[in-house]
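*Asks:* Quick one, what's the 3D model for this:
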Amino acid sequence: MIFKQKLLLLLFLISLLLGACSSYLEPIPAQGSISSCQLVYDAGSSGTRLYIYELTSQGWTRHRGPRTGALADPVRGIRGKTMADAGVVVDDIVAALENMRKDGPPGKKGEPKWPAFDWRKQCDIEVAAVYATAGMRLAEELDAEASQLLWSMLNEKLSAMLGMSVTTRTLSGYEEGLFAWLAIREQQEDELFGVVEMGGASVQVTFPCSACKAARQVRVQGRTVPIYSHSFLGWGQDEAWKKFGNLSACEHGAGIQNPDWRVTDCAAEINMSSDIAVDIKQKVQAADTLVWYLSGAFRHMQDTDIDQYCRKGIEGGYKPVSSCFRAVYLQNMLNTLGLPEESGPSDVDWTLGAVVCTDTHCLDQEIITQ
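*Replies:* Purely as a prediction, here's the structure:
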């Protein structure tokens, strides 16, 4: 078994060297005086999404590109992937750049999944980055050596494709929450708000807090603001489903089998708690002047979800098997963190916050990984 693993690692290193010399990865031609752009990949736990942000007179305009497989899957050994598939996963991510230059295939409504954006003609790419989130944090805990190989392979091939140095790394939990907060700040008049974001593998809570010892000084639109941000690794909806998805009280249509079914029948079995969560709840409730926004999976919540998916067994379009569990889990998480009922959804993507932070050098010192 050890010999087989070493052989695989050797093959990856060889493919890495060959990829650096590959002729199909042509560099970007000189563009002259055109739009300044930042290229950002969101390497999330369920997939990798490409965005290009173009600086215009109205600010940063987002151009959405293709979605490919999750970068961390080969290391984590999920969704049918192993490290033998690392090269294919990386190649798909890099190929998304050229695929973005033409319309994507038709989606559910007949419109292209992504509209064509010829960044080679319209952009001067000043920054290119692949930022992985909680899925890769879990992968690095599982196998640091294989994760580093994956990062090296991606950096080599993407750098060759773009003809420039690129950033390829995993965000800390602090950064992931901060970037979500900074993205929303672009649409706000002040900093008097917080954000809770739910991903597939983690939950982030971020808000300004001058009394929080763990808060960091962040440059926000020309001034310094103390921002607290904490990430609960493993608390994302997909990871929670893996832990508690076999609970009969959380099954889709549980109320049909049991007419006396109550929300607490499911919620009481979901044990997601910590001393930090209790502390954050106290801070959230004390900061009663803050407006709260819900991002990530939270923004898709509807008041009717529990009734439809748990009591009536209605099938939604997204992962119907786990729909009742998710409906209860997301609401339970908001209660755990003490979020006010009037908290509203935000559809702003955290990648905008990453672009803003890079552009403004919002963090002057090394990120403290949480």
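*Asks:* Quick one: mean pLDDT over stretch 312-322.
*Replies:* Mean per-residue pLDDT for stretch 312-322: 88.
*Asks:* can you list the residues that contact stretch 47-61?
*Replies:* 35-42, 62-71, 93, 96-97, 100, 117, 119, 122-123, 125, 130, 186, 349, 351-352, 355-356 (CB atoms under 8 Å, 6 or more residues apart in numbering). Backbone N, C-alpha and C define where each C-beta goes, glycine included.
*Asks:* typo on my end, stretch 265-280
*Replies:* Where contact means CB under 8 Å, 6+ apart, the residues beyond stretch 265-280 that reach it are 205, 230, 232, 235, 240, 244, 247, 249-250, 254, 258, 310, 324-325, 328-329, 332-333, 336-338.
*Asks:* circling back to that earlier point, just the buried ones from the contacts of stretch 47-61?
*Replies:* Neighbour-count burial (16 or more other CB atoms under 10 Å) applied to those gives 35-42, 63-71, 93, 96-97, 100, 117, 119, 123, 125, 130, 349, 351-352, 355-356.
*Asks:* about what we covered before: now, which of the contacts of stretch 265-280 lie within strands?
*Replies:* Per DSSP state E, strands hold the following members of the contacts of stretch 265-280: 205, 230, 232.
*Asks:* Can you tell me which of those has the most neighbours?
*Replies:* V205 (26 neighbours; other CB atoms under 10 Å).
*Asks:* Which neighbours in the sheet does the one helix or strand I52 maps to have, and how are they oriented?
*Replies:* Element membership for I52 (DSSP states H and E) is strand 48-56. Strand 48-56 has its sheet partners listed here by DSSP bridges as strand 35-43 (antiparallel), strand 59-68 (antiparallel).
*Asks:* Could I get those in JSON lines, plus columns for mean pLDDT and distance to Y174?
*Replies:* Formatted as JSON lines, those follow (pLDDT from 0 to 100; distance: least, CB to CB, whole Å):
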{"stretch": "strand 35-43", "mean pLDDT": "97", "distance to Y174": "17"}
{"stretch": "strand 59-68", "mean pLDDT": "96", "distance to Y174": "22"}
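*Asks:* As a check, name the ranges of all helices in the stretch 151-300 of the chain.
*Replies:* With DSSP state H, counting those that start in this stretch as the definition, the stretch 151-300 of the chain shows helices at residue ranges 173-185, 237-244, 254-257, 263-267, 275-286.
*Asks:* quick one, which of these is packed in tightest?
*Replies:* Highest mean neighbour count among the helices of the stretch 151-300 of the chain (mean count of other CB atoms under 10 Å): helix 173-185, with a mean of 26.
*Asks:* Return the list of helices and strands in contact with it.
*Replies:* Other helices and strands packing on helix 173-185, by 3 or more CB pairs under 8 Å, 6 or more residues apart in numbering; DSSP states H and E, are helix 134-142, strand 193-198, strand 202-208, strand 216-220, strand 223-233, strand 291-296, helix 350-360.
*Asks:* redo that, cut-off 10 Å
*Replies:* strand 123-132, helix 134-142, strand 193-198, strand 202-208, strand 216-220, strand 223-233, strand 291-296, helix 350-360 (3 or more CB pairs under 10 Å, 6 or more residues apart in numbering; DSSP states H and E).
*Asks:* May I see the ones you listed organised as TSV, with mean pLDDT and distance to D275 added?
*Replies:* Output for the helices and strands packed on helix 173-185, formatted as TSV (pLDDT from 0 to 100; distance: least, CB to CB, whole Å):
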stretch	mean pLDDT	distance to D275
strand 123-132	97	28
helix 134-142	97	20
strand 193-198	96	18
strand 202-208	97	14
strand 216-220	96	21
strand 223-233	96	12
strand 291-296	96	22
helix 350-360	97	26
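*Asks:* Many thanks, have a good one.
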